[in-house]
Every structure is written in structure tokens, then in C-alpha cells.
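Engineer: Quick one, structure for this:
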Amino acid sequence: MSRTRERVVEAVVEGADSAGPTLADPSSAWDLPVKLDVLSLASRLAPLLDGTEPAEVIEAIETAPSRWRPVVLREELSPDEMTRVMARRPWLPGVRIASRHRRVYPDRDVFAHLLGYMREVRSDELAYLRERYKDKKQGSDWYRSGDMMGKYGLESAYEPYLRGHAGAYWAQVDVHGRELGRSAGLDNQDDEYFRSIAHFLDRGLRPEVPGHDLHLTIRRDLQALAVRLLGERSGAVVMMEVETGRVLALANAPRFDPDIFSRKITPEDWAILRDDPDHPLVDKALQGVYPPGSTWKMITAAAVLGSDTWTERTRVSCNGGYKVGKRRFHCWKRRGHGSVNLRDAIAQSCDVYFYRAGLAVGIDEVARYAAMFGMGRPTGVGLNAEVGAINPNTAWKRKRYSGNSRLGQWSAGDTASAVIGQGYTLATPMQLARMTATLANVGPDGEVVMHSEPEIVGTVDLAASHFKAIRSGMLGVIEDSRGTARSQRLQSLAFAGKTGTAQVVALSNVRRNADGTVIERFRDHALFVAFAPYDKPEVAISVLIEHGEHGSTVAAPIAISLLKYYFNSEIAAVAGSGARVGQSGGNRGRAAASSPKPPSPGGREQAFVPVPGVRPEDL
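Structural biologist: As a prediction, the model looks like this:
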């Protein structure tokens, strides 16, 4: 008889508990590790495995990195292969079927970018990981070859929190390597020699350590609806609580199936994802940067009001364009809007009004207010390498073109473009959602969070009357007879919004199909932001559809459908349908969302409106 020590991961399958349905679960896959003394059995073993030749078995054994550790000959055995191997087990000494854990995502692609995926640790990563976690109680054994780790999304961001640790025990085997029994230690053995060295030998033994569960504020029902509404169109949806900054939906399209990363992804599957022109692996809500178009006009309005350059009653005459230097900048409505004040300009999205407003106050002042709203920096959600996009000003351009003083000079034309959300101005859908929540906010505004108390990360220095004027204009977008999203108004819910159509290329560079329609990649992006209800806002939302062309008819209906569901559905009124990320490898924690309908904030306006921060705990 002999004793060998193996590192073992128990197969544990967990279901949902009272905290909410599980979004990422553990599951078992069956592998075939082979002891090195089965070389002579290659001819008997290979026929039991589909598509395997004896030479492949021999090569796998001869190229094994260690002579003292089992060789995994085949991963994820089929039921038929398992049956054949088990039936021949007595004639296959040293061969055993082992359970291995992999992550399973019940909702598949619905939470793909949020949850992310896990992959096997590469050999070149082991040294770095062992150094990084050397302070852990498990020491250098924290990661081992063959372990799975989070590579994207919450799986990556919360890897140390979700990760548990495999246990180790003693296994008693016969001369053929067949396991006869297990023991948690040697100090209870009859053999006096084993008892004398038990303390030394048992040092590496330990029980399995489960990972922590991660509870999210993401609502499963809202997320699923957002994904369904996006369909196959490339874009993103962000929905969040106004008062707390908690994210209720964070949807992307197109998506990917995270389950394919839990096994060895095939070159064909990887090529499909890598080469897709719509970039399904990119988190468009956090990593996608787009011209915000007319959704930026509320920031320009805040700057011109906050600097006391204009009042909400200041009127501008729009005849369809405005000359800046030698160039005429057109309004989207070539016939012009006539005489408009602030409410009219926001409701009708008059470009000429904002050209003149931005030029009157200057780009640096507009950028200063944009920074108050959180533009130009990540929201702080701590996920998927979130980007800060671009909040341009004169200093930014000088730095960008530091080697060319002529190109680095900010021009009036740059201002005219930037203040209507074009030119150098770029933002992410998450930033636009937070901007909208800040405009709607009548109480504390913190980071974007998942499960902790909101944190105030800044304030917008703007009089309550100015906020009221801007919000009134956003209401006009929906309610006024000439509002750009008048067609989307709801009888049962008063809400405020703003359409946006972001130009992708200059009109002179647009290319068309033979039938005269614009080729898709040259079409404008469609945007829409909104908050509701108007009087006591609870939620804010941003929608982006790449190359959707029209914010009012493409992006807005998605937002309206989510708002209608949120406020009208009985499920929305009572459900705490959240999401959890579950254990993998028998020791990985889960993530679950459990978020009842958000409370209504108070109705008091204030001169210094806090900006909600977006933290990982707000997801």
C-alpha cells in the first residue's frame, strides 16, 4: 500500500437562495487525468475516446511537465466516453475520471459584459499571480496550473473576493494507482512511523475555502428587457437610480456567450468574435466613446446660465444657420426655428441657440461645467477598463497637438462643434446616464454603486432656478408641440428627456448605396437620455444605438419601453429580482442582484446638486 497526496476540488452545485436568482453558477465537467505509468495502456485507452489515436496518448504523457502529477488526457468527456472508460476501468490501472468545475451562466449572453467570463490561468501568469497573492494564507498555492480565474467583467474585477481555495487531503491507493480511501490527516494512522511524521506531512493539508457571494443591484427583469429591446442592433443601455446611483440595467449589444470561455475556445469561435465589425467583446456602455450630440446641450445650458452670461429668458433668432468666422454652421432644421429661449432651444434642439451660447461663454467654461457633471473621467464603476472619454478645452487641444502650435490652437469653430456634442467631444453611455441623473437629482448623488451606501463625488455649482429651467426644457422635448420626442409622450407618466443624433463623419464624406440610402457605417448614431417621473425623479436612463440615425424614433422607444415597464409592471413594483455571481471550482463566490423598486427621493431643490458616483458596489 502507498499514499499519495492530491489536490482535489470537490464538485458542488449551488442553486438560488432567498437573495435572488443566480446569474453565474458552478457546474461540473469531467476530465480524464492519466498517471504516468499507463504508457503501455495507450492502445487500450485510445479507442475509448472519440477521435483519439494511441500516439496522442503517448505524446500527452511524454510531454507532461511533471512525472509526479496526473496528465489530463481529455477534457470534458462526453457521456458515451465516460461510460466506456468506466466499463473498462479495471483494465486501466492509473486512469481515473476526475470532476472539474467550470462556470455556467444560466442567462447566457444577457449579462455577458457585466459578469464577464473565466478562463484557465496561463503558465506565464502563474509567477505573477503567486507574487501578487503571496500574503494570502495559502501562500504560493493560491493559484495552480489548470485553475480558472476571472478575465473580464465582475469575474475579473472581483477575482480575489469571489475566489475561494481548493482543499487538499491524503488519498490511499493501490499499486495500480487506484484510490482506496481518503484521509484528512495522518495523525490517526495505526502505523507508528506515519504518526511520528504526521505533523510535518500534514502541513499542506487544508479544508476547502469557499469564495464570497457578490450581490448586485442590477435587476434581472430590467436587464433582460433592455437586452431584448436592443436586439441585434449595436449599442448600449444604462438605467440607474437617481438618488443613489445604483445601476439597475447595464446592457450591451451585440453580445457573446460567456460559456464558451469556460472551456477551451476553438480558433473558429475566437475568430468570429474577434473579427465581428460590431465588436461584441467591447463593453459599449463603459468603453464605447461617442459624440454625445444634442444630449450635451444641457451642459452648455448649465454653463451659460451658471456664468450669468445669459438667462433662461434670453432669446436667439434662428434662421437655419450661424456664421462662425468664414464658415456657416447649420442648424439641423434648415428653415430655422425662429425666435427661441432656453426651454424652446432644448425642446426643439436648436443648434443655432447653442452655437451662440457656447461662443458667448467660451469652451473653457463649458468644459468646467462638463467636468462638474463628471465628463472627461471614468464614473468609478471599476469594471472593464472603463474610459473617461474626452471633455475638450483649450488646454486639452494644446496638449494633444503639443508638437504643432498651429494645430494646437483652439478655434471658434471648435467651440461651435463641441458645445453641441460634436467635434472633439466624446462621452460614454454610462457618463450620459450619470449626467442625466445629476440633472434630475434633488438629493445626495454618489458614485455608481452595487451594494453599499452612495458616495458623493462632487457637486454642480448651479442655482436651483437654473436646474429647473434646464429640466423644463427637457420636459418640453416630450410635452411641447414642437418637442423633438413629442411622439414618445405617455399619458400616464410625465418624464423629461433629450434626443441626440451624433454625426459620425462630415456630410461631404458620407457614402451611399446604389439606392441612395446611406451606407450603415456612415449613418449617424442615435441617442436618448431621460429621467422619470418629472416631479419626483426616481430613475435616469441613457440609450445609444450605433448608426441608428434618429434619436427620437430609434433610441427613445427603447427608453420609453423600459420606463413603462418600470413604473407600470406589477413585477417592477414588488420584485427584488436581482442577480448573483455564483461559485466555480467548488470555491468561487456568486454574484446576485437583489434590488427592490427604488425609493422616491425628496422633492427639495438645492443650489449645489451632488453628482452620483458609480462604484463597483453600485452594480
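Engineer: What is the neighbour count of R368?
Structural biologist: Counted with other CB atoms under 10 Å, residues neighbouring R368 total 17. All C-beta spots, glycine's among them, are computed from the backbone N, C-alpha and C.
Engineer: nope, D269 is what I meant
Structural biologist: Neighbourhood size, D269 [other CB under 10 Å]: 15.
Engineer: State the three-state secondary structure for it.
Structural biologist: Assigned with DSSP: H, G, I helix; E, B strand; the rest coil, D269 falls in the helix class.
Engineer: Against D351, how distant is G320?
Structural biologist: The spacing between G320 and D351, counted by CB to CB, to the nearest Å, is 9 Å.
Engineer: Are there residues contacting both of those two? Which ones?
Structural biologist: Common contacts of G320 and D351 (CB atoms under 8 Å, 6 or more residues apart in numbering): 330-331.
Engineer: So for these two, which sits in the more crowded spot?
Structural biologist: Taking other CB under 10 Å, G320 and D351 do not tie; D351 has more neighbours (25 against 15).
Engineer: For the more buried one, which non-adjacent residue is closest in space?
Structural biologist: Using CB to CB, 6 or more residues apart in numbering and skipping the chain neighbours, the partner closest in space to D351 is C331 (4.2 Å).
Engineer: so where is the chain shaky, pLDDT-wise?
Structural biologist: Residues of the chain that meet the criterion pLDDT under 70 lie in 1-40, 64-69, 100-102, 133-142, 165-208, 442-457, 505-509, 520, 569-619.
Engineer: Scan it for its longest helix.
Structural biologist: Scanning the chain for the longest helix, with DSSP state H as the assignment, gives helix 464-479.
Engineer: Pull the contacting residues for W410.
Structural biologist: Each residue near W410 by CB under 8 Å, 6+ apart is listed here: 363, 393-394, 397-398.
Engineer: most surrounded residue in the residues you listed?
Structural biologist: Within these, neighbour counts (other CB under 10 Å) peak at I363, which reaches 29 neighbours.
Engineer: secondary structure element for the spatially most central residue of the chain?
Structural biologist: By CA atoms, centre = their mean, the mean C-alpha position of the chain lies nearest to L114, the distance being 3.7 Å. Taking DSSP states H and E as the definition, one finds L114 inside helix 112-115.
Engineer: how far away is V366 from P557?
Structural biologist: In terms of CB to CB, V366 sits 30 Å off from P557.
Engineer: Between those two, which is the more surrounded one?
Structural biologist: Counted by other CB under 10 Å, V366 and P557 do not tie: V366 has more neighbours, with 28 against 16.
Engineer: show me the residues around the closest residue to that one other than its chain neighbours that make contact.
Structural biologist: Closest residue to V366 apart from its sequence neighbours, by CB to CB, 6+ apart: A303 at 4.4 Å. Contact partners of A303, counting by CB under 8 Å, 6+ apart, are 357-358, 361, 365-366, 368-370.
Engineer: What of Q488?
Structural biologist: By CB under 8 Å, 6+ apart, the contact list for Q488 reads 478, 497, 552, 556-557, 560.
Engineer: could you redo the last one with a cut-off of 6 Å?
Structural biologist: By CB atoms under 6 Å, 6 or more residues apart in numbering, the contact list for Q488 reads 556, 560.
Engineer: What does it show for phi and psi?
Structural biologist: Backbone torsions for Q488, taken as degrees, to the nearest 10, come to phi -100, psi 0.
Engineer: ok, now how distant is it from L544?
Structural biologist: The value you get for Q488 to L544, if CB to CB is used, is 16 Å.
Engineer: what angle do the helix or strand hosting A301 and helix 464-479 make?
Structural biologist: For A301, the host element (DSSP H and E) is helix 297-306. Counting by axes from the mean of the first three to the mean of the last three CA atoms, to 10 degrees, helix 297-306 lies at 150 degrees to helix 464-479.
Engineer: Buried residues, helix 297-306. List them.
Structural biologist: Within helix 297-306, the residues scored as buried using 16 or more other CB atoms under 10 Å are 297-306.
Engineer: And stretch 335-350, by the same measure?
Structural biologist: Under the neighbour-count criterion of 16+ other CB under 10 Å, stretch 335-350 has 337, 340-350 buried.
Engineer: Which ones among these map onto helices?
Structural biologist: Those of those lying in helices (DSSP H): 342-348.
Engineer: from those residues, which is closest to R108?
Structural biologist: For these, the residue nearest R108 by CB to CB is I346; the value is 40.4 Å.
Engineer: picking up where we left off before, mind exporting the longest helix of the chain as PDB, just the C-alpha atoms?
Structural biologist: Once non-C-alpha atoms are left out, helix 464-479 reads as follows in PDB (Å, rounded to 0.1, in the frame of the first residue of the first chain):
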ATOM      1  CA  ALA A 464     -31.900  75.700  -8.300                       C
ATOM      2  CA  SER A 465     -33.700  78.000 -10.700                       C
ATOM      3  CA  HIS A 466     -31.200  77.200 -13.400                       C
ATOM      4  CA  PHE A 467     -31.700  73.500 -12.900                       C
ATOM      5  CA  LYS A 468     -35.400  74.000 -13.000                       C
ATOM      6  CA  ALA A 469     -35.100  75.900 -16.300                       C
ATOM      7  CA  ILE A 470     -33.000  73.100 -17.900                       C
ATOM      8  CA  ARG A 471     -35.300  70.400 -16.700                       C
ATOM      9  CA  SER A 472     -38.200  72.400 -18.000                       C
ATOM     10  CA  GLY A 473     -36.600  72.300 -21.500                       C
ATOM     11  CA  MET A 474     -36.200  68.500 -21.200                       C
ATOM     12  CA  LEU A 475     -39.900  68.200 -20.300                       C
ATOM     13  CA  GLY A 476     -40.600  70.300 -23.400                       C
ATOM     14  CA  VAL A 477     -38.800  67.700 -25.500                       C
ATOM     15  CA  ILE A 478     -41.600  65.300 -24.700                       C
ATOM     16  CA  GLU A 479     -44.600  67.600 -24.000                       C
END
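Engineer: what packs against the next helix-or-strand element following that helix?
Structural biologist: Following helix 464-479 in sequence order, the next helix or strand is strand 496-502 (DSSP H and E). Under the contact criterion of 3 or more CB pairs under 6 Å, 6 or more residues apart in numbering; DSSP states H and E, strand 496-502 touches helix 464-479, strand 525-532.
Engineer: so of these, which one's packed in deepest?
Structural biologist: Compared across these, strand 525-532 shows the largest average neighbour count, a mean of 30 (mean count of other CB atoms under 10 Å).
Engineer: Neighbouring strands - and their directions - for that strand?
Structural biologist: Under the criterion DSSP bridges, strand 525-532 sits next to strand 496-502 (antiparallel), strand 539-545 (antiparallel) in its sheet.
Engineer: Mind exporting the C-alpha coordinates of that strand to PDB?
Structural biologist: Provided in PDB are the C-alpha atoms of strand 525-532 (Å, rounded to 0.1, in the frame of the first residue of the first chain):
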ATOM      1  CA  HIS A 525     -25.600  57.500 -34.000                       C
ATOM      2  CA  ALA A 526     -28.900  57.700 -32.200                       C
ATOM      3  CA  LEU A 527     -29.100  58.800 -28.600                       C
ATOM      4  CA  PHE A 528     -31.700  59.400 -26.000                       C
ATOM      5  CA  VAL A 529     -31.500  60.300 -22.300                       C
ATOM      6  CA  ALA A 530     -34.400  60.700 -19.800                       C
ATOM      7  CA  PHE A 531     -35.400  60.800 -16.200                       C
ATOM      8  CA  ALA A 532     -38.800  60.000 -14.600                       C
END
